[in-house]
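> model this:
(one chain, ligands or ions: 2)
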Amino acid sequence: MPKTAYVRTKPHLNIGTMGHVDHGKTTLTAAITKVLSERGTGTFVPFDRIDRAPEEAARGITINIAHVEYETDTRHYAHIDMPGHADYVKNMVTGAAQLDGAILVVSALDGIMPQTAEHVLLARQVGVDHIVVALNKADAGDPELTDLVELEVRELLTAHGYGGDSVPVVRVSGLRALEGDPRWTAAVEALLDAVDTYVPMPVRYTDAPFLLPVENVLSITGRGTVVTGAVERGTVRVGDRVELLGSGTTTVVTGLETFGKPMDSAEAGDNVALLLRGVPRDAVRRGHVVAAPGSVTPSRRFTARVYVLSSREGGRTTAISTGYRPQFYIRTADVVGDVDLGEAAVARPGDTVHMTVELGRDVPLEPGLGFAIREGGRTVGAGTVTALV
Ligand SMILES: Nc1nc2c(ncn2[C@@H]2O[C@H](COP(=O)(O)OP(=O)(O)OP(=O)(O)O)[C@@H](O)[C@H]2O)c(=O)[nH]1
Ligand SMILES: [Mg+2]
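Residues are numbered from 1 along each chain as shown. Ligands and ions are numbered 1, 2, ... in the order given. Model prediction:
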């Protein structure tokens, strides 16, 4: 059966649910698709279709199933449901790097928990400028306690530069909306209205040279190797020659899809799958970058401004010093790096410091690029590249 081509009728934005484990991100994501499917602008995606490892969902040239798509009256959204478990923060970092806005899901029963705070911090660091709060499980929470949770969330957002007083906070119940309860269906609609109005349409750098950080690699029998991810900047068309940074080759894009629909060209902000001519499956990995040939030169030494997380934020309890060698999460890549703190020599949890980093391999870098620093499975720092050296 021929596939229907993607038709660009509404502005496209990338959003996602983030927040502590079990606060109801996946349930709310399913509820959003249900509410919109009833309005006729989306397809219902049940909970168990969202909450699955990408590997299991690798079928056809399509993007990983933690992404769902839907439309409101005014916009087309790709929605990434991010796992809350601490071990998955790296997915959160790479997922959040593509977000134009985020829905912070906080359980009204539990309030702020460690990953709530960690996700807000990382969202800030990777450039998510707009957050809308879903106070979930409001069906089961005591209204006065929920008021306290709301205050606490607004304070947390203010502390991270999100202007907590003006952030929309909507009380929802993903579970009850999923069951069709009209009161909570209306609450999910109110949440979507808040996202539509509060998250502005971002500036898209469609005129810049094409760049896409590889999020996933799939192999399709008889067709070849497919890479998926969000276009960071520029435009790509079927037939374009591209460079694979990380594997040191160039190739041609022979197919392009978004959410299973073929497209002739993809632009900054689009979530796409690229079929690449003659590239062996093992020649390209998550963390590599596909770009217009010659448009980026990978490098490994840079200076950065870094915030060292306090132990309260899930960071270290002890200081770091020159010679420290953690993992750097840059776009979708995960690379070891040597830290040089210069004259300061030491940085304590809670400090903001300047450092020089030498990565274990070349990566496309540029001033302003955000990254996370991780060690032994937890985030210990968040930084921004200030210069290449
Ligand atoms: N009472 C109530 N329970 C809810 C609501 N939303 C989710 N739950 C329950 O909370 C539990 C966790 O829900 P999930 O949607 O899996 O939470 P999550 O945030 O996606 O969890 P992780 O992906 O593991 O971080 C499940 O048992 C849900 O049924 C709600 O609105 N009200
Ligand atoms: Mg989930």
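
> Check the stretch 201-350 of the chain for the residue nearest ligand 1 and tell me.
residue 314 (15.1 Å; Cβ to the nearest ligand atom). Every C-beta, even on glycine, is put in place using the N, C-alpha and C of the backbone.

> Report pLDDT for that residue.
We have a pLDDT of 77 for residue 314.

> Check residue 154 too.
pLDDT, read off for residue 154, is 98.

> Just the buried positions in the helix or strand containing it, please.
Residue 154 belongs to helix 143-159 when assigned by DSSP states H and E. For helix 143-159, the neighbour count (16 or more other Cβ atoms under 10 Å) marks 146, 149, 150, 153, 154, 156, 157 as buried.

> Now do it: which elements does it pack against?
Contacts defined by 3 or more Cβ pairs under 8 Å, 6 or more residues apart in numbering; DSSP states H and E place helix 143-159 against strand 101-107, helix 114-125, strand 131-136, strand 169-171.

> To residue 296, which of the ones you listed lies closest?
helix 114-125 (21.7 Å; Cβ to Cβ).

> Which residue does the stretch 151-300 of the chain have closest to ligand 2?
Taking Cβ to the ion, ligand 2 has its nearest neighbour within the stretch 151-300 of the chain at residue 174, 10.5 Å off.

> That residue contacts residue 19, doesn't it?
No - Residue 174 lies out of contact with residue 19 (Cβ atoms under 8 Å); the separation is 11.5 Å.

> Between the helices and strands packed on helix 143-159, which one is closest to residue 237.
Closest among the helices and strands packed on helix 143-159, using Cβ to Cβ: strand 101-107, at 27.8 Å.

> Point out the other helices and strands that the strand or helix carrying residue 306 packs with.
Here residue 306 sits within strand 299-308, counting by DSSP H and E. Counting by 3+ Cβ pairs under 8 Å, 6+ apart, the packing neighbours recorded for strand 299-308 are strand 352-363, strand 378-388.

> hmm, back to that, need the least confident one among the helices and strands packed on helix 143-159, by mean pLDDT.
helix 114-125 (a mean of 85).

> before we move on, the earlier item: flag every buried residue along the strand holding residue 306.
300, 301, 302, 303, 304, 306, 307, 308.

> do stretch 267-283 as well
For stretch 267-283, the neighbour count (16+ other Cβ under 10 Å) marks 267, 268, 269, 270, 271, 272, 273, 274, 275, 276, 279, 283 as buried.

> is it true that residue 102 touches residue 18?
Yes - here residue 102 reaches residue 18: they are 5.4 Å apart, a contact under Cβ under 8 Å.

> Sort out which one of the buried residues of strand 299-308 lies nearest residue 45 for me.
Looking across these and measuring by Cβ to Cβ, the closest to residue 45 is residue 307, at 35.9 Å.

> Would you mind measuring from the closest one to ligand 2?
Using Cβ to the ion, to the nearest Å, we find residue 307 at a distance of 27 Å from ligand 2.

> now swap in residue 334 and tell me
Noted for residue 334: a distance of 22 Å to ligand 2, by Cβ to the ion.

> Pull the number of nearby residues for that residue.
If you count neighbours by other Cβ atoms under 10 Å, residue 334 ends up with 16.

> so who does it touch?
Contact partners of residue 334, counting by Cβ atoms under 8 Å, 6 or more residues apart in numbering, are 90, 287, 327, 328, 374.

> Without its sequence neighbours, what residue ends up closest to the fourth one?
This means residue 328. Leaving out its chain neighbours, the residue that sits closest to residue 328 by Cβ to Cβ, 6 or more residues apart in numbering is residue 337, at 4.6 Å.

> repeat for residue 193
residue 72 is the one closest to residue 193 (Cβ to Cβ, 6+ apart), at 8.0 Å.

> The one you found contacts residue 41, doesn't it?
Yes - here residue 72 reaches residue 41: they are 6.7 Å apart, a contact under Cβ under 8 Å.

> which bits of the protein sit near ligand 2?
Within the chain, the positions near ligand 2 by Cβ under 5 Å from the ion are 25, 26.

> Those residues of the chain touching ligand 1, which are they?
With Cβ under 6 Å from any ligand atom as the criterion, the chain meets ligand 1 at residues 21-27, 83-85, 136-137, 139-140, 173-175.

> show me what contacts the residue lying closest to residue 246 once chain neighbours are set aside?
Spatial nearest neighbour of residue 246, excluding adjacent residues (Cβ to Cβ, 6+ apart): residue 288 at 3.2 Å. Residues near residue 288 by Cβ under 8 Å, 6+ apart: 213, 214, 227, 244, 245, 246, 247, 333.

> Most neighbours out of the residues you listed, which is it?
residue 227 (26 neighbours).

> Look up how far residue 257 lies from that one.
In this view, residue 227 and residue 257 are 12 Å apart by Cβ to Cβ, to the nearest Å.

> joint contacts of those two?
Counting by Cβ under 8 Å, 6+ apart, the residues touching both residue 227 and residue 257 are residue 273.

> about what we covered before: how about CSV for the contacts of residue 288, with secondary structure and pLDDT added?
Formatted as CSV, those follow (DSSP: H, G, I helix; E, B strand; the rest coil; pLDDT from 0 to 100):
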residue, secondary structure, pLDDT
213, strand, 92
214, coil, 92
227, strand, 93
244, strand, 96
245, strand, 94
246, coil, 86
247, coil, 84
333, strand, 90
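
> Many thanks, I have nothing further to ask.
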